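Novice: what follows is a predicted protein model with its sequence.
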Amino acid sequence: MNYPKAYIDYLLEFHGTRDYFECHEIMEEYWKKNKEKHWHTLIQLAVAIYHERQLNHTGSLRLYRKVLAALRNNPTPLENIAIDVEVLETTVKARIKNILEDGPYTTMNLPLTDESLVDLCKERCNQENVSWCSEEDFHDFDLIHRHKRRDRSEVIEERLRSLKEKRRERKGN
């Protein structure tokens with residue numbers, strides 16, 4: 001199967017660098033162009049893990065629950081990109097339970113079903129000098145708190161523009 005480059009890049013970050021913030025960035029850019037719900041689900045999953053790792057349990061639980069709903073409501077698109085949805089659903093439920101019971105954070109891997117996809121990702125990891133399915137470096141402040149390091153002016157501008165547009169639409173209706 002031929003997978004989008006953005007998806008391969010997402011998997012490299014997810015399983016290699018463990019930079020879930022970058023996973024979000026990669027997939028958000030792709031999702032904005034394609035608007036398919038399963039790409040948005042992958043964004044939510046990466047952000048849920050990012051929040052969980054930072055011990056933002058409220059944000060993490062909210063997103064994990066959205067991911068669960070998406071997995072239950074429309075599993076086929078994720079299955080079509082080689083994700084074992086049943087295993088992922090079980091994993092997300094276990095992560096929710098772990099958070100609710102104040103358990104320790106653990107690294108997560110996506111349950112991929114296409115060995116050629118895994119081989120391709122491993123090859124890309126080798127090219128980038130990154131280990132596939134590596135453990136996370138919890139001492140890497142930039143990795144754990146990526147959002148504190150980025151310039152958000154563009155995001156803030158876009159949100160303000162969107163808010164103004166919504167207000168104009170409400171006044172017009």
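Specialist: Done, it's in. Numbers count the residues shown, from 1 in each chain.

Novice: report the helix or strand with the lowest average pLDDT across the protein.
Specialist: Least confident helix or strand, the chain: helix 141-144 with a mean of 58, by mean pLDDT, DSSP states H and E.

Novice: neighbours of Val118, how many?
Specialist: When neighbours are defined as other C-beta atoms under 10 Å, Val118 has 16 of them. The C-beta positions use only the backbone N, C-alpha and C, and glycine is treated the same way.

Novice: how close does it sit to Ser60?
Specialist: Per C-beta to C-beta, to the nearest Å, Val118 is found 26 Å from Ser60.

Novice: and the residue positioned nearest the centre of the chain, how far is that from Cys23?
Specialist: With distances taken as C-alpha atoms, centre = their mean, Ala46 lies nearest the centre of the chain, 2.2 Å away. Distance from Ala46 to Cys23, counting by C-beta to C-beta: 4 Å.

Novice: how about Asn80?
Specialist: Counting by C-beta to C-beta, the gap from Asn80 to Cys23 is 19 Å.

Novice: looking at those two, which is more packed in?
Specialist: Shown here are Asn80 and Cys23; by other C-beta under 10 Å, Cys23 has more neighbours (25 against 11).
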